[in-house]
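Participant: predicted coordinates and the sequence they were generated for:
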There are 6 protein chains.
Amino acid sequence: MRPSGRTASQIRPVTITRNFTCHAEGSVLIEFGNTKVLCNASVVEGVPRFMKGQGKGWITAEYSMLPRATHTRSDREAARGKQGGRTLEIQRLIARSLRAAVDLKLLGENTITLDCDVIQADGGTRTASITGACVALVDALTWMRKKGILKANPMKHMIAAVSVGVYKGNPIADLEYLEDSDAETDMNVVMTDTGKLIEVQGTAEGDPFSFDEMNEMLSLANDGIKELFDAQKSALA
Amino acid sequence: MRPSGRTASQIRPVTITRNFTCHAEGSVLIEFGNTKVLCNASVVEGVPRFMKGQGKGWITAEYSMLPRATHTRSDREAARGKQGGRTLEIQRLIARSLRAAVDLKLLGENTITLDCDVIQADGGTRTASITGACVALVDALTWMRKKGILKANPMKHMIAAVSVGVYKGNPIADLEYLEDSDAETDMNVVMTDTGKLIEVQGTAEGDPFSFDEMNEMLSLANDGIKELFDAQKSALA
Amino acid sequence: MRPSGRTASQIRPVTITRNFTCHAEGSVLIEFGNTKVLCNASVVEGVPRFMKGQGKGWITAEYSMLPRATHTRSDREAARGKQGGRTLEIQRLIARSLRAAVDLKLLGENTITLDCDVIQADGGTRTASITGACVALVDALTWMRKKGILKANPMKHMIAAVSVGVYKGNPIADLEYLEDSDAETDMNVVMTDTGKLIEVQGTAEGDPFSFDEMNEMLSLANDGIKELFDAQKSALA
Amino acid sequence: MRPSGRTASQIRPVTITRNFTCHAEGSVLIEFGNTKVLCNASVVEGVPRFMKGQGKGWITAEYSMLPRATHTRSDREAARGKQGGRTLEIQRLIARSLRAAVDLKLLGENTITLDCDVIQADGGTRTASITGACVALVDALTWMRKKGILKANPMKHMIAAVSVGVYKGNPIADLEYLEDSDAETDMNVVMTDTGKLIEVQGTAEGDPFSFDEMNEMLSLANDGIKELFDAQKSALA
Amino acid sequence: MRPSGRTASQIRPVTITRNFTCHAEGSVLIEFGNTKVLCNASVVEGVPRFMKGQGKGWITAEYSMLPRATHTRSDREAARGKQGGRTLEIQRLIARSLRAAVDLKLLGENTITLDCDVIQADGGTRTASITGACVALVDALTWMRKKGILKANPMKHMIAAVSVGVYKGNPIADLEYLEDSDAETDMNVVMTDTGKLIEVQGTAEGDPFSFDEMNEMLSLANDGIKELFDAQKSALA
Amino acid sequence: MRPSGRTASQIRPVTITRNFTCHAEGSVLIEFGNTKVLCNASVVEGVPRFMKGQGKGWITAEYSMLPRATHTRSDREAARGKQGGRTLEIQRLIARSLRAAVDLKLLGENTITLDCDVIQADGGTRTASITGACVALVDALTWMRKKGILKANPMKHMIAAVSVGVYKGNPIADLEYLEDSDAETDMNVVMTDTGKLIEVQGTAEGDPFSFDEMNEMLSLANDGIKELFDAQKSALA
């Protein structure tokens, strides 16, 4: 039994609120149960130096947890003077995933930054960030088309992400903090709405996992992500 | 005339939402019009090294703006690797103001950190932070009393803050961004609900200001802050 | 009674030595009693990136205390790898104050940096810095006019600064360290020689202060600053 | 056809040289073709603060590429003043993988640091690092047993790692740089010699990948890693 | 001919002012011509961690140039966030030299920090720093003896330093900036008043130098340093 | 007697392996007994900003010790976030020495970076670095001539370096770690193959040294360096 009483394949209620703040070109608050992440998409003309002159755009991401998003307060990274390894790892994952959703040539020499700031954390902040950032990205691209910056829609497909894991010996979907901190295996899966994989990151926190468990987790992820695509579609409708 | 049509002494609508997030001992979202700041109070046993052995508590604060809280995206301080001068100046002001509201001896050797994270900015983020942090602080102290950590209430008085300024030659209260960026003088005033001053920080951005203008601004601040105390009381009722 | 035997309104003896070092375009050693600050003005062609193309100049400031300017040695900020909040706050105040003294358009696209290095500290280092930097700035502008860089004098008015406070219940002027560390309220006031205010920064270190005390402090500041303008004039004669 | 003429499942020649340097408790130079990584294991008594008093040991890792390990020189991280996101991500992976190979309770309150320094890079530096570090770890544990520090062998199983990917539409094993920089999908797999998975990290660099491709890559990894276990065994014989 | 008209062996006028500031246990302003360095000695009980429990004291040094000590303003190291290589090299030299003058056992577990801040630079700042710091050190040790902290005088011998070089083909002593920036060879020599060498650091900036030139420079240094010992003695008399 | 049984003037066996890694334009592993340093020379078109437009090239160096090059592991500088004073001092010495070997005008506006990474340390790492880097530099210049980047050979003379010292009262050459850590005086000497001096850096670690000892050490250095030039010649033959 899961602490919340959920079934093994049951993901938490998902809420997607667009236009959560007023300045960003795309601004989405996404909630996976008690996990709440603000995903802002900012459009800037031009690209970083290493991309210049290729006629292509760039998508990057930054991730942060507010110090008291968690049970006990963690140090503010700006005050410590550097971003931790976990933060860098997550924001690299978010950026890579979103870039895989977009035709950078159609984006032209423009940069979109996706800021994912975790307001409240209860497991799954990186998968919520990716799923919410995709909606904020759609809104930012719509804004660009309205402004006449883009001629065609650079979006190749929607993407969404869910965590899966092995908890007390059973594969389950969308782990909350209590499960996550106790799971034998933790895996994050990013997929396209065309049913393909963008990222698979599985880690044995305790015992190693078998190929069978791997397949069961992938199957749970596949099912859970379908529900996320439905939530994205409803929000964007 | 002010851009919003407000009168010179009219402050923006104030909204105070308690328990905005679930982990912090005090968690308040405060809104001054379009300015929205999340103020979380975190309680930790013990005090910083320089305070040890004095039998007194400590109150500190950290302030940050989400990168896209503003019209154009600003760099994330954690990524740049240091907090800017404006950030340090503001969080020193918030901490100093809140310490002036509390009897540190009655707090015992405990530390309360007030994290003020600006979700959306439209002028007055430091005064909203102070006003909201005071409510979060009250909730954190109540939590401590319920836990039996405190014997008496360390709160000496409520505090609140408002900005005033000289805009197009006229003293006005609670400047929004459009006014703030164009004001000749900008002043932040922090007061107690016993009618006394905690901080006065006035700066001539353009022409210097006269003693008369100074007095008019202080009078506007005095009136505006009274309304903030009312909003705090309603929220805490 | 004040530790030094001074009356409430009496400021310390002020000494202003011009051309204290030989390389800077303006170089002033200012002494407020035992507080000694070296204020060097450096002229450079061009302006920071954010000011380019506006046909205006820029004035900036840096402040530092030598490690053993104080009773006990404090860490060298260069060795710690960052400037503290107090340092940043003070140098922002100095720069803002001096910019308010100058017509930046008449300065042309040139930058003047005011380095205020405290050789010996006994309270009032920021007000001594501002008062001395104003004289160094005048010398640097004179140097620029002699070099033919400036056509007109960009100086709008002289500025000077003094600290005031409430010490053992009484408002006093120009606090030395012993008073400063024990004062209930500490206020720094920057004024023009035309009798107007540039900056007012008052802080309740202990009990909050009343509007009456505020007015008494401002009046003491007004009187003290007049003597500083006399000292500046004598030095520049 | 692969640039090297290898078959899809063929890994590069593997060389493992023990005692490559004289000071470390375990010192291994591992070569995967032209990729050469020096893996040093250092034993220190005691554990980091967050582990104290649990009666358990700790294993950590640091990864670095010499500036000219690559075709063009990259900046030295020590000179830039921080480790990049890629470096942090890799050393977190190495440490996590090796911790999964060891019973930390049997290690006692001791720390082993695995320094993986890439002397020459040609793809697969992180998988070579993990495979070589495992041998260095065995040597360090043997040293500890000889010194009487350990009563039992904390090694639960050997681990090894290989990269797999989709290159020009075909799944292949052990990508060299030319293949890696051009692959549609890149996946790193860490396994135990008991046939289970420790880490799976797959990323679509170009087109997303299908569940079938995922399975083919896992199968190639499984085969390749078996050869690595043979090479480890020969080296340790 | 030298720019100043000095003979090859002639050092600049030396002025040593003790008690230049009021807080430090030893405070010396030393002038080698236009080069002016403030040398403050600070005494603190205890030693750094790596020295604890050995019953010995420690002497360390920090060196800095005020930004406008030079012809053109250089960046403030505290603002840049790190000390440059030249600064670190010089302060290591100063500390090493002064440690060689003292019996650290007789110093007990106390630390003396020598802060050498260059007020005005015209060549030879490191040799002036060492020569002045030695006098400040004597004053600090005297202060310690008066306080009863020391039973015996830990000073083994006085030390002093001078720069020598090859300028336009001729060995000369005590180079000023104009000579220093144009010299083929630059050498700094630190000696004891017992006629022995503490440090010799010679560098070919242009052409390499011969063993004969090396000996001539050492001979000039030997003569110049004797005059510095005289200046130290007079100052301490 | 020396710990190794060497005579006072006897240097350790020297091994120079060219083309140690495959990417760098010059790549040399140099061994002085158990000290092993990898010296890579990297050629880049263009020069640093401060050299631009002078028609001259630039040579720079970076030095690092792998964390476990030594008996006990030292912190990785990249992880600590800054290079230590010793590192900066050594890499400044290496760069200065190599620049003295080259006619920068004949190098054209190109930059060569010499990375000296210590794989294993047993004293003399800086002198081995200089001696090995000189060979790597020759290889890089040959590569440039073959590529048609250079018209003439910019090498003015070969350089090499050896450490000498006073150990148990006797001058000796090429100190290994056991001797170095116990020596009264430590001196590094860099020379040209034309018999002239580039750098002399002598330091009294214990007792000061006499002019006679200085001369004896220089004489030992002169002899030892001749053997190093022979080793360089054989390697380059």
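Facilitator: Sure, I can see it.
Participant: now A:Glu109: closest residue in space that isn't a chain neighbour?
Facilitator: In space, and not counting its chain neighbours, A:Glu109 is closest to A:Val47: 5.1 Å by CB to CB, 6 or more residues apart in numbering or on different chains. All C-beta atoms are positioned from the backbone trio N, CA, C, and that covers glycine.
Participant: got a list of what the one you found touches?
Facilitator: Neighbour list for A:Val47: A:Gln54, A:Lys56, A:Gly57, A:Trp58, A:Glu109, A:Asn110, A:Thr111 [criterion: CB atoms under 8 Å, 6 or more residues apart in numbering or on different chains].
Participant: likewise for A:Gln54?
Facilitator: With CB under 8 Å, 6+ apart as the criterion, the residues that contact A:Gln54 are A:Val47.
Participant: please identify the helix or strand for the residue lying closest to A:Ser42 once chain neighbours are set aside.
Facilitator: In this structure, A:Ser42 finds its nearest non-sequential neighbour in B:Arg73, 4.1 Å apart by CB to CB, 6+ apart. Taking DSSP states H and E as the criterion, no element holds B:Arg73; it sits outside all helices and strands.
Participant: how many neighbours does B:Arg73 have?
Facilitator: 21 (other CB atoms under 10 Å in any protein chain shown).
Participant: just A:Cys22 next, same as before
Facilitator: By other CB under 10 Å, neighbour count at A:Cys22 equals 12.
Participant: most proximal residue of chain A with respect to chain E?
Facilitator: Using CB to the nearest CB, the single residue of chain A nearest to chain E is A:Gly81, 9.3 Å away.
Participant: gap between that residue and chain B?
Facilitator: Taking CB to the nearest CB, to the nearest Å as the measure, A:Gly81 and chain B are separated by 5 Å.
Participant: now the helices for chain A?
Facilitator: When secondary structure is read from DSSP state H, chain A shows helices at A:77-80, A:85-99, A:104-107, A:125-146, A:177-180, A:211-236.
Participant: in chain A, which ranges drop under the pLDDT threshold?
Facilitator: Under the criterion of pLDDT under 70, none of chain A is flagged as low confidence.
Participant: what residues does it have near chain B?
Facilitator: Residues of chain A lying close to chain B by CB under 8 Å from any CB of the partner chain are A:21-24, A:27, A:34, A:36, A:38, A:40, A:42, A:44, A:62, A:64, A:66-73, A:76-79, A:81-83, A:87, A:113, A:115, A:117, A:119-120.
Participant: which of the residues you listed fall in strands?
Facilitator: The strands, defined by DSSP state E, take in A:27, A:36, A:38, A:40, A:42, A:44, A:62, A:64, A:113, A:115, A:117, A:119-120 from the residues of chain A next to chain B.
Participant: name the nearest residue to the residue in chain A that chain C sits nearest to, ignoring sequence neighbours.
Facilitator: Nearest residue of chain A to chain C, counting by CB to the nearest CB: A:Gly81, 7.4 Å away. For A:Gly81, ignoring the flanking residues on the chain, the nearest one in space by CB to CB, 6+ apart is B:Gly81 at 5.3 Å.
Participant: which bits of chain A sit near chain D?
Facilitator: By the rule CB under 8 Å from any CB, the part of chain A lying against chain D is A:82, A:85-86, A:88-89, A:91-92, A:96, A:100, A:187, A:191-192, A:194, A:196-204, A:207-211, A:214, A:218, A:222.
Participant: show me which of the residues you listed neighbour chain F.
Facilitator: Of the entries in the residues of chain A next to chain D, those that also sit close to chain F under the rule CB under 8 Å from any CB are A:Lys82.
Participant: select only the buried ones of the residues of chain A next to chain D in PyMOL?
Facilitator: Remark: buried members of those, expressed as a PyMOL selection using 16 or more other CB atoms under 10 Å in any protein chain shown:
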select buried, chain A and resi 82+85+88+89+91+92+96+100+187+191+192+196+197+198+199+200+201+202+203+204+207+208+209+214+218+222
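Participant: who's the closest residue to A:Ile130 other than its chain neighbours bridged to?
Facilitator: Across the structure, with CB to CB, 6+ apart as the measure, the residue nearest A:Ile130 apart from its sequence neighbours is A:Ala161 (4.0 Å). Going by DSSP bridges, A:Ala161 is paired in beta bridges with A:Val190.
Participant: any idea how far A:Asn188 is from A:Ala161?
Facilitator: Computed with CB to CB, to the nearest Å, the distance linking A:Ala161 and A:Asn188 is 6 Å.
Participant: quick check: most distant residue from the centroid of chain A.
Facilitator: For chain A, the largest distance from the centre (CA atoms, centre = their mean) belongs to A:Gly53, which lies 29.5 Å off.
Participant: kindly state the beta-bridge partners for the spatially closest residue to A:Ala24 that is not a sequence neighbour.
Facilitator: Nearest residue to A:Ala24, sequence neighbours excluded (CB to CB, 6+ apart): A:Asn40, at 3.9 Å. For A:Asn40, the beta-bridge partners under DSSP bridges are A:Ser27, A:Asp115.
Participant: check A:Ala173 too.
Facilitator: In beta-bridge terms (that is, DSSP bridges), A:Ala173 pairs with A:Val164.
Participant: so what's it up against?
Facilitator: For A:Ala173, counting by CB under 8 Å, 6+ apart, the contacting residues are A:Ala8, A:Ser9, A:Gln10, A:Ile11, A:Val162, A:Ser163, A:Val164, A:Leu220, A:Ala221, A:Asp223, A:Gly224.
Participant: sorry, back to before: the residue nearest to A:Gly81 contacts D:Lys82, doesn't it?
Facilitator: Yes. Shown here, B:Gly81 and D:Lys82 form a contact pair, counting by CB atoms under 8 Å, at 7.4 Å.
Participant: quick check: the residue nearest to A:Ala24 vs chain F, distance?
Facilitator: 29 Å.
Participant: so that residue is in contact with A:Asp115, correct?
Facilitator: Yes. If you go by CB under 8 Å, A:Asn40 and A:Asp115 touch, sitting 4.6 Å apart.
Participant: what does stretch A:14-21 contact?
Facilitator: Here stretch A:14-21 makes contact (CB under 8 Å, 6+ apart) with A:26-32, A:38, A:40, A:131-132, A:135, A:139, A:227-228, A:231-232, A:234-236, B:36, B:68-69, B:119-120.
Participant: who are the contact partners of the residue nearest the centre of chain A?
Facilitator: The structure's chain A has its C-alpha centroid closest to A:Ile130; by CA atoms, centre = their mean the separation is 1.4 Å. By CB under 8 Å, 6+ apart, the residues touching A:Ile130 are A:Leu93, A:Ile94, A:Ser97, A:Leu98, A:Ile159, A:Ala160, A:Ala161, A:Val190.
Participant: could you do A:Val166 as well?
Facilitator: Counting by CB under 8 Å, 6+ apart, A:Val166 makes contact with A:Ile172, A:Ala183, A:Glu184, A:Thr185, A:Phe209, A:Glu213, A:Met217.
Participant: show me what contacts the closest residue to it other than its chain neighbours?
Facilitator: With sequence-adjacent residues excluded and distances taken as CB to CB, 6+ apart, A:Val166 is closest to A:Thr185, at 4.1 Å. The contact partners of A:Thr185, taken as CB under 8 Å, 6+ apart, are A:Gly165, A:Val166, A:Gly202, A:Thr203, A:Ala204, A:Glu205, A:Gly206, A:Asp207, A:Phe209, A:Glu213, A:Met217.
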